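In: Sequence first, predicted model second:
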Amino acid sequence: VAQRNWSQASAWSAQQPLVQTLVKESGAYRNAVAGSEAPEAALKRLLADRKFMADLREEKTRVQAGFLAMDPRNGHILAWVGSRDYKQDPFDHVQQARRQPGSTFKPFVYGAALLNGSRSSDQLEDKAVEIPLPGGQIWRPSDAGPPSNQPMTLADGLAYSKNTITAQVMQQVGPAKVVRLARSLGVRDSALDAVPALALGSSPVTLQEMVTAYASLARSGQYLPPTMVTRITNRDGDVLAEFAPARAEAAMDTNAANALVDMLRGVIDKGTGRAIRSTYGIHADVAGKTGTTQGNADGWFILMHPQLVTGAWAGFNDGRITLRSDYWGQGARSALPMVGDFTNRVLGTRRIDAQARFAEPERSDWWGGLVDGLRERLQGWWGSNPEDEGAVQDRVPTAPPRPAPAPTTAPTAPDASQPTPPATPAAPPMPGGGGWPGWGERPGTPAPVTRDPDTSRDGPVEERTPTLQEQGLPAPAPAQVQPPPAGQDGAFNPYSLPP
C-alpha cells in the first residue's frame, strides 16, 4: 500500500518540497556538498538520478513495526520484535523509538477521572468543545463526524474514542493528574507535556512504556517493571546468575483500575477494536485500545488479557512519511492485525487460559446483577458483527473543525459505515460469573482469520493529535532526519510541517 501510494507523481516527484528535503538530508547530498559541489547542482543532479530516487523512496516509505508481548502476572517479556528486518533496519521500535500514542493514551485520562470520583456511567454532552490556550489560542478538538449534541456516558466516550468527550474529561481532572497516573502505571521515561492536548496522545512515548502501563491495569493497578532475563546458565546448565523477581508496587486504586479495564472491554465489544472478535475470533475476556496519529503517521493497538498483554505499533522511521491511506493507516487496520493474529494463535495453543477473567470492579448499586445479565446477552451481538468492520473511528479529520450543527427536531440518519455511539448510558460490565459464548466450544487450533482485501475504500480517519500551536507550545526548529544511531529516537515530529 505504501509503495503504491508513494509511487504516484502527486506524492513522489522532484517538485515536491518534502522529496527535495529528503534528498538534502541524504548522505549522497551531504557528501557531494562536502566535496565542493554547489548545493543547487547537487540537488538537481540527485533529483534526476532515477536509481538514487528509487532507492531513496524505497528506504523512506518502507513500513516499520514494533511488537511486544508481556505476562502481566510477573512482568516477563514473552515476545519482542523491534523492527521488520534487523539487517535492513537495526533500530528498536519497542524501546528506542518514541512516537505519539494517539488514542491509546486516552485510558489514562478516564482513569484519572475514575480516581477523581467519576463513574463510567456519568454522562457528558457530545458537543463542540473550545478550550482556551495560552497566547489567546483556542483548541477545538473534534471527531470524524459532527457532534451529536446528545448525552454520552464516559464508558461510550472511551469505547468509541470520542475526542470531544475525552477533552472535556481532561478539563475536569486536569493534565497534571493524567501525567501522574500515566507515570505511576509505567510511562516513566518519556517526557509528558501537561497540556490539554495530552488527552489525545500528543507527547511521544515508547511501545514498551505503553504495554507496561496496560499490564499494570491488567494486574488491577499493580506496577511491575518488565523482566527480560530471570537467570543465566552455561552450556552445562550451571546457574551463573539468578535475578529475584521485582516487587509489585501500587500504581492505581484497585477498584478504579478494574473499572477502567471494564470500560476498555467496550472498545473490543462494540467500539474501534471490535475486529478482535469479528475478524480474529477471540472470545476470551479481553480489553484494549486503538490509536492513530495525524496523517496516519502512527498506528497503535494494545490488547489486555488476564495472562497476556500485547501491543503493536506500525509506521515509518520518518514521521513525515505517512501511509497515505485513511483506510489502512488506522491503528485498527495497521497495528491491530499483528496483535489479533498473535493472540488468536496463543489462545489456540492453550498456553493461556481462554476462560481467565479480569477482576471485576466492586458494585454498590442494587441493580448491578440485573444489568450484568443484560450485558451477557448483548455482548454476543456486539462482538460478532463483521459487517460493521468498515469504519473504525478514533481520529478527527485534518480539515478545519466543523461547527456544531444547529439543533433539529428530527435526528439525523446514522452512517452505516461506522459504529454509531448510543445516546443512552453504556451497557453494564460483563458478568462476574459464567463466560463468553463459545468458550466451551473453542477449538485447540486458531480460528480462521479473514481480512478485507479492498484497499480502495479509504474511510474517515480515526483521530488527529493536535498541532503544537493548538497545544500552546513553541514549534521546534526544522530537524534533519538521518538513520537513527543506537540509543536515539529516529522519529520526526510532523507538527513542524504545514498541515
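Out: Arrived safely, thanks for sending.
In: For residue 62, the count of nearby residues, please.
Out: Counted with other C-beta atoms under 10 Å, the neighbours of residue 62 add up to 17. For every residue, glycine as well, the C-beta is placed using N, CA and C.
In: and the gap between it and residue 216?
Out: Going from residue 62 to residue 216 by C-beta to C-beta, to the nearest Å gives 33 Å.
In: Kindly report the same for residue 295.
Out: 31 Å.
In: neighbour count winner among these two?
Out: Neighbours were counted for residue 295 and for residue 216 using other C-beta under 10 Å; residue 216 has more, 25 against 22.
In: A helix includes the more buried one, no?
Out: Yes: remark: residue 216 belongs to a helix, assigned using DSSP: H, G, I helix; E, B strand; the rest coil.
In: Read off the pLDDT value for it.
Out: Predicted confidence (pLDDT) for residue 216: 98.
In: Spit out the contact partners of it.
Out: Contacts for residue 216 (C-beta atoms under 8 Å, 6 or more residues apart in numbering) come out as 72, 185, 186, 222, 223, 224, 251, 252, 257.
In: for these, which one is nearest residue 96?
Out: residue 186 (16.9 Å; C-beta to C-beta).
In: ok now do the closest one, which residues does it touch?
Out: Residue 186 neighbours (C-beta under 8 Å, 6+ apart): 209, 210, 212, 213, 215, 216, 223, 251.
In: I figured the fifth one hits residue 309, correct?
Out: When you say that, I think you mean residue 215. Yes: with contact defined as C-beta atoms under 8 Å, residue 215 reaches residue 309; the gap is 4.4 Å.
In: what do the two both touch?
Out: With C-beta under 8 Å, 6+ apart, residue 215 and residue 309 have common neighbours 70, 72.
In: Return, as residue ranges, the portions of this protein with sub-threshold pLDDT.
Out: Within the chain, the ranges that satisfy pLDDT under 70 run 1-5, 7, 324-325, 327, 363-499.
In: ok so, going back, mind listing which of the contacts of residue 186 are in helices?
Out: Among these, DSSP state H puts 209, 210, 212, 213, 215, 216 in helices.
In: what about residue 318, helix or strand, and which?
Out: For residue 318, there is no enclosing helix or strand under DSSP states H and E.
In: packing partners for the one helix or strand residue 164 maps to?
Out: In the assignment (DSSP H and E), residue 164 maps to helix 163-173. For helix 163-173, the elements it packs on are helix 106-115, strand 123-125, helix 154-159, judged by 3 or more C-beta pairs under 8 Å, 6 or more residues apart in numbering; DSSP states H and E.
In: Identify each buried residue in it, please.
Out: 163, 164, 165, 166, 167, 168, 169, 170, 173 (16 or more other C-beta atoms under 10 Å).
In: returning to that earlier point: what about residue 215 and residue 309, which has more around it?
Out: Set residue 215 next to residue 309 and count neighbours by other C-beta under 10 Å: residue 309 wins out with 32 against 28.
In: Mind jotting down where the strands sit in the chain?
Out: 64-71, 76-81, 123-125, 131-132, 138-139, 151-153, 222-223, 231-233, 239-242, 249-250, 287-292, 298-305, 308-315 (DSSP state E).
In: could I get these as CSV with distance to residue 108?
Out: Below are the strands of the chain laid out as CSV (distance: least, C-beta to C-beta, whole Å):
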stretch, distance to residue 108
strand 64-71, 18
strand 76-81, 22
strand 123-125, 17
strand 131-132, 18
strand 138-139, 19
strand 151-153, 18
strand 222-223, 13
strand 231-233, 34
strand 239-242, 35
strand 249-250, 16
strand 287-292, 10
strand 298-305, 12
strand 308-315, 15
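In: Just name the most buried of those strands.
Out: Counting by mean count of other C-beta atoms under 10 Å, strand 287-292 has the highest mean neighbour count of the strands of the chain, with a mean of 32.
In: Could you list the alpha-carbon positions for that one in CSV?
Out: Below are the C-alpha coordinates for strand 287-292, written out as CSV (Å, rounded to 0.1, in the frame of the first residue of the first chain):
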residue,chain,number,x,y,z
ALA,A,287,-9.9,-5.3,26.7
GLY,A,288,-7.8,-2.8,24.7
LYS,A,289,-7.5,0.4,22.7
THR,A,290,-6.7,1.6,19.2
GLY,A,291,-4.8,4.7,18.3
THR,A,292,-3.8,6.6,15.1
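In: Work out the sheet partners of that strand and label each with its direction, please.
Out: Strand 287-292 sits in its sheet next to strand 298-305 (antiparallel), going by DSSP bridges.
In: Distance to residue 9 added to the buried residues of helix 163-173, as a markdown table?
Out: Shown next, in a markdown table, are the buried residues of helix 163-173 (distance: C-beta to C-beta, whole Å):
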| residue | distance to residue 9 |
| --- | --- |
| 163 | 34 |
| 164 | 38 |
| 165 | 41 |
| 166 | 39 |
| 167 | 39 |
| 168 | 43 |
| 169 | 44 |
| 170 | 42 |
| 173 | 48 |
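In: Relative to residue 321, which of those is nearest.
Out: Checking the buried residues of helix 163-173 against residue 321 with C-beta to C-beta, the nearest one is residue 163 at 24.3 Å.
In: still on that earlier bit, and which of the ones in helices among the contacts of residue 186 is nearest to residue 153?
Out: Taking these together and measuring to residue 153 by C-beta to C-beta, the closest member is residue 213, at 23.5 Å.
In: Could you verify my assumption that that closest one touches residue 183?
Out: No: taking contacts as C-beta under 8 Å, residue 213 lies outside contact range of residue 183: 9.2 Å.
In: From the neighbour counts alone, determine which of these two ranks first.
Out: Neighbours were counted for residue 213 and for residue 183 using other C-beta under 10 Å; residue 213 has more, 30 against 18.
In: Who are the contact partners of that one?
Out: Applying C-beta under 8 Å, 6+ apart, we find residue 213 in contact with 108, 182, 185, 186, 187.
In: quick one: which of the residues you listed is nearest to residue 273?
Out: residue 108 (17.2 Å).
In: Nearest spatial neighbour of that closest one, chain-adjacent residues omitted?
Out: Spatial nearest neighbour of residue 108, excluding adjacent residues (C-beta to C-beta, 6 or more residues apart in numbering): residue 182 at 4.4 Å.
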